[in-house]
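Student: sequence below, structure please.
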Amino acid sequence: MDMGKVLIDGDIIAYRAAFSTETMGSSDTIRKVDDLIDFILEKTVLFPEPQDYIVYLTGKGNFRHEIAKSAVYKGNRKDVQKPRHLQTARDRMSSKWNAVISEGEEADDLIAIEAARLGYDACVASIDKDMLQIPCWHFNIVRGDLVKVNPAEGIKFFYHQILTGDRADNIKGLHGTGPKKADKILQLAIKHGYRSGLEDDISQDLKTRGVDFEYETKKIKWVLHQNKSYTPDFILPNGVIIESKGRFVVSDRMKHLEIKKQHPELDIRFVFSNSRAKINKGSKTTYGMWSEKHGFMYADKRIPDEWLK
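Tutor: Numbers count the residues shown, from 1 in each chain. Next comes the predicted model:
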């Protein structure tokens with residue numbers, strides 16, 4: 001990991017420090033704030049020293065109160081009593097840890113904006129599940145674990161929240177949709193997102209084997225009478241390009257012959273649903289035979305282990 005930045009949810013720190021020292025003095029709250037932030041910086045050792053961090057606190061105003069129509073935003077928290085040392089905790093983060101205070105939005109919003117800008121050069125330190133929408137590193141300050149959320153996981157969590165709503169914030173979801181139903185809806189959507197069931201199977205298999213990959217992230221220019229671009233299905237960490245094919249029609253075959261000619265540096269391999277399928281009716285040539293003839297490696301249904309090395 002190159003230079004990174006730890007984005008600390010100060011609201012969570014303030015409440016945890018204040019609640020845990022409710023029956024103690026303000027000096028105990030101050031010490032607890034320092035201990036929690038020191039703990040975060042010590043555990044996010046993936047990010048090089050000197051540690052680059054920002055502590056965020058929510059200030060005055062919140063645009064959500066103006067746009068929430070079906071239910072009052074966080075209206076279910078009206079009677080929740082705040083801990084008596086909360087302001088002490090906030091003041092400590094401002095004076096010692098130079099906290100950034102939001103105006104008109106929540107600390108979460110500023111964290112999300114910065115994390116989205118930095119990508120995997122950011123680590124969000126929080127326990128707020130909403131943060132898991134953001135593709136970056138995440139440190140859970142209670143469990144003490146550091147995880148990497150990829151774009152597919154982030155967008156899935158985002159839509160899961162839309163479908164189910166968020167009781168903690170008094171946000172309604174789609175009527176009659178709980179977590180299980182949302183999972184089924186999203187599973188179907190993911191299959192469509194991968195364009196085919198085979199692509200989805202390949203992606204799930206790679207995740208199971210702990211292999212990082214890119215899906216349709218690059219465009220490769222090639223020419224056939226006019227300029228075109230080719231978007232590979234999967235790109236493995238070793239640079240191997242995987243094309244998943246259920247049907248392998250003539251236009252696809254022509255395209256890959258031209259790309260191979262124009263980009264000999266690319267290592268494009270096919271994963272077929274059935275490599276024994278014929279390229280057309282009446283032909284004796286199978287998808288596998290065609291691949292061998294033209295110098296393409298191929299497999300059926302699953303990426304072989306040796307392709308991952």
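Student: which residues in this protein form strands?
Tutor: 5-9, 53-57, 100-101, 122-126, 137-140, 146-148, 214-215, 220-224, 226-230, 234-235, 241-245, 268-272, 298-300 (DSSP state E).
Student: who's in contact with the third one?
Tutor: Strand 100-101 has contacts (C-beta atoms under 8 Å, 6 or more residues apart in numbering) with 54-59, 94, 107, 110. Placement of C-beta: from N, CA and C, glycine included.
Student: emit the PyMOL select command for whichever of those residues are buried.
Tutor: Filtering these down to the buried ones (16 or more other C-beta atoms under 10 Å) takes a single PyMOL command:
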select buried, resi 54+55+56+57+58+59+107+110
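Student: nearest to residue 5 among the contacts of strand 100-101?
Tutor: Top of the list for closeness to residue 5, among these and by C-beta to C-beta, is residue 54 at 6.7 Å.
Student: out of the helices and strands in this structure, which is least certain?
Tutor: Least confident helix or strand, the chain: helix 64-67 with a mean of 59, by mean pLDDT, DSSP states H and E.
Student: domain parsing of the chain, as residue ranges.
Tutor: Structural domains assigned to the chain are 5-149, 152-193, 214-308, following automatic domain parsing.
Student: burial count for residue 265?
Tutor: 5 (other C-beta atoms under 10 Å).
Student: comparing the strands of the chain by mean pLDDT, which bottoms out?
Tutor: Mean pLDDT is lowest for strand 220-224 out of the strands of the chain, coming in at a mean of 68.
Student: burial check on residue 160, number of neighbours?
Tutor: 18.
Student: coming back round to it: any chance of the domains of the chain in a markdown table, plus distance to residue 204?
Tutor: Output for the domains of the chain, formatted as a markdown table (distance: least, C-beta to C-beta, whole Å):
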| stretch | distance to residue 204 |
| --- | --- |
| domain 5-149 | 17 |
| domain 152-193 | 9 |
| domain 214-308 | 11 |
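Student: just put the contacts of strand 100-101 in TSV and tack on distance to residue 142.
Tutor: Shown next, in TSV, are the contacts of strand 100-101 (distance: C-beta to C-beta, whole Å):
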residue	distance to residue 142
54	20
55	17
56	18
57	19
58	20
59	25
94	23
107	18
110	22
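Student: of the contacts of strand 100-101, which is the nearest to residue 28?
Tutor: residue 94 (18.4 Å).
Student: so that closest one sits right up against residue 59, yeah?
Tutor: No: the pair residue 94 / residue 59 is not scored as a contact, 10.6 Å apart, by C-beta atoms under 8 Å.
Student: in the stretch 201-309 of the chain, which spans are helices?
Tutor: With DSSP state H, counting those that start in this stretch as the criterion, the stretch 201-309 of the chain has helices at 250-262, 287-293.
Student: show me the one of the ones you listed that comes nearest residue 19.
Tutor: helix 250-262 (59.9 Å).
Student: other SSEs contacting that closest one?
Tutor: strand 220-224, strand 268-272 (3 or more C-beta pairs under 8 Å, 6 or more residues apart in numbering; DSSP states H and E).
Student: so for residue 234, which of the ones you listed sits nearest?
Tutor: Of all those, strand 268-272 comes closest under C-beta to C-beta, at 8.7 Å.
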